[in-house]
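Trainee: here is the input, now give the coordinates:
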Amino acid sequence: MVGGGRELQSMTGRRYVSRTQVSQDLPQDAGFRWRRWVRTFRRWSERGDAVLGSLKPMTGTFAALAFLGAWGGYGLVLSGEWRPTVDALASGLGFAITSIEIRGLSEADSTEISDRIDAARTGSLAMLDAEQARQRIAEIPWVADVTVKKLYPNRVVVDLTERLPFALWQDDGRVKVVDRSGAVMADVIQTRHAGLPLVVGAGANARVQEAVALMNAAPSLRPKIRAAVLVAERRWNLMTVDGIEILLPEEDPQGALARVADLQQSKKLLERDLVAVDLRVSDRLFVRLSDAAAEIRREQMRVKSGAKKKGADT
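Mentor: Residues are numbered from 1 along each chain as shown. So this is what the prediction gives:
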């Protein structure tokens with residue numbers, strides 16, 4: 001203030017404010033917060049520098065370990081030994097295979113199926129190749145279709161559709177189990193297969209449905225029929241349980257068998273001491289007696305012939 005109370009002003013029109021007034025105009029705690037942030041930043045920076053400083057002498061060690069680890073992993077991949085390593089790690093983490101469930105099993109061997117899953121070599125579920133296991137199981141003759149599922153953490157489920165045994169096929173002295181198509185399913189005959197129809201001869205397995213249909217063509221004779229034998233891959237002979245051979249024609253064998261059924265009902269044909277009944281000629285039927293029956297027959301004929309001669313002499 002000067003003289004008459006006027007306020008002095010700068011000639012340049014600027015107003016100068018003192019530092020005291022600036023500090024009074026700012027919030028009271030702003031400077032404190034700024035200083036605290038700076039101190040915190042410096043403290044963490046110093047700690048980081050200290051940690052990095054302590055690690056500098058070990059940089060070479062870390063680099064060497066990383067190199068050795070990478071080289072070792074590369075070596076495992078090249079040698080194929082990485083799978084057992086990963087397998088062991090997965091098993092240790094709780095993924096070891098502990099249960100194999102096989103559904104639809106009747107004829108196939110459960111041990112063979114488990115072996116083809118190869119759980120002994122592939123110990124963990126994580127490393128099991130379900131598709132490869134399925135393909136190996138599908139190669140088993142009894143198996144028509146199969147799926148293999150992995151159920152974490154430790155179960156394998158196998159769903160089977162089996163081929164059904166249809167008949168026994170004997171060729172060159174060996175008997176095998178075949179399905180409806182004639183494909184061999186097993187060359188070891190179990191007790192449960194003993195009641196299957198028997199077909200005999202080279203190529204008989206390929207015509208197994210035809211043979212079984214022929215054996216069933218005369219229901220009254222079916223209990224007496226033991227086997228169907230394919231002759232020269234052209235026609236069938238039937239063998240009875242008593243060892244009588246029924247020779248059927250190449251054309252209409254069912255009709256010829258019907259004639260045998262009629263004679264069995266009316267004459268008890270198959271209960272006689274016969275070796276064979278031959279129907280290969282369409283309008284004829286021939287029988288062949290056993291050796292004992294033939295000898296008896298010859299003796300009877302001699303007696304009959306002698307009686308006739310004696311009567312003629314008198």
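Trainee: use CA for all of it now, contacts and neighbours both
Mentor: Noted.
Trainee: so Lys149 lies in a strand, does it not?
Mentor: Yes - counting by DSSP: H, G, I helix; E, B strand; the rest coil, Lys149 is part of a strand.
Trainee: just list whatever residues bridge to it.
Mentor: Val157 (DSSP bridges).
Trainee: tally of neighbours for it?
Mentor: Counted with other Cα atoms under 10 Å, residues neighbouring Lys149 total 16.
Trainee: contact partners for it?
Mentor: Ala130, Val156, Val157, Val158 (Cα atoms under 8 Å, 6 or more residues apart in numbering).
Trainee: now do Glu233 against Gly201, distance only.
Mentor: 8 Å (Cα to Cα, to the nearest Å).
Trainee: before we move on, what about Thr40?
Mentor: Relative to Gly201, Thr40 is positioned 99 Å away (Cα to Cα).
Trainee: have a look at the two and say which one is more surrounded.
Mentor: Neighbours per residue, other Cα under 10 Å: of Thr40 and Gly201, the larger number sits with Gly201, 18 against 11.
Trainee: what does the pLDDT read for the more buried one?
Mentor: Per-residue pLDDT puts Gly201 at 97.
Trainee: pretty sure Asn216 contacts Arg222?
Mentor: Yes - using Cα atoms under 8 Å, Asn216 is in contact with Arg222, at 6.0 Å.
Trainee: break down the stretch 151-300 of the chain into its helices, ranges please.
Mentor: 208-215, 253-267, 291-313 (DSSP state H, counting those that start in this stretch).
Trainee: what does the first one contact?
Mentor: The set of residues external to helix 208-215 that reach it, using Cα under 8 Å, 6+ apart, is 167, 180-182, 197, 199, 204, 222, 225, 227-228, 236, 238, 253-254.
Trainee: go through that helix and flag the buried ones.
Mentor: Residues of helix 208-215 classed as buried by neighbour count (16 or more other Cα atoms under 10 Å): Val208, Gln209, Ala211, Val212, Leu214, Met215.
Trainee: including pLDDT and distance to Arg302, could these go into a markdown table?
Mentor: Shown next, in a markdown table, are the buried residues of helix 208-215 (pLDDT from 0 to 100; distance: Cα to Cα, whole Å):
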| residue | pLDDT | distance to Arg302 |
| --- | --- | --- |
| Val208 | 98 | 47 |
| Gln209 | 98 | 48 |
| Ala211 | 98 | 43 |
| Val212 | 98 | 44 |
| Leu214 | 97 | 41 |
| Met215 | 97 | 40 |
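Trainee: of the residues you listed, closest to Asp187?
Mentor: Nearest to Asp187, judged by Cα to Cα, of the buried residues of helix 208-215 is Val208 at 16.4 Å.
Trainee: in stretch 220-227, which residues are buried?
Mentor: Quick answer for stretch 220-227 (16+ other Cα under 10 Å): Leu221, Lys224, Ile225, Arg226, Ala227.
Trainee: one more: stretch 106-122?
Mentor: Glu107, Ala108, Ile113, Ser114, Arg116, Ile117, Ala119, Thr122.
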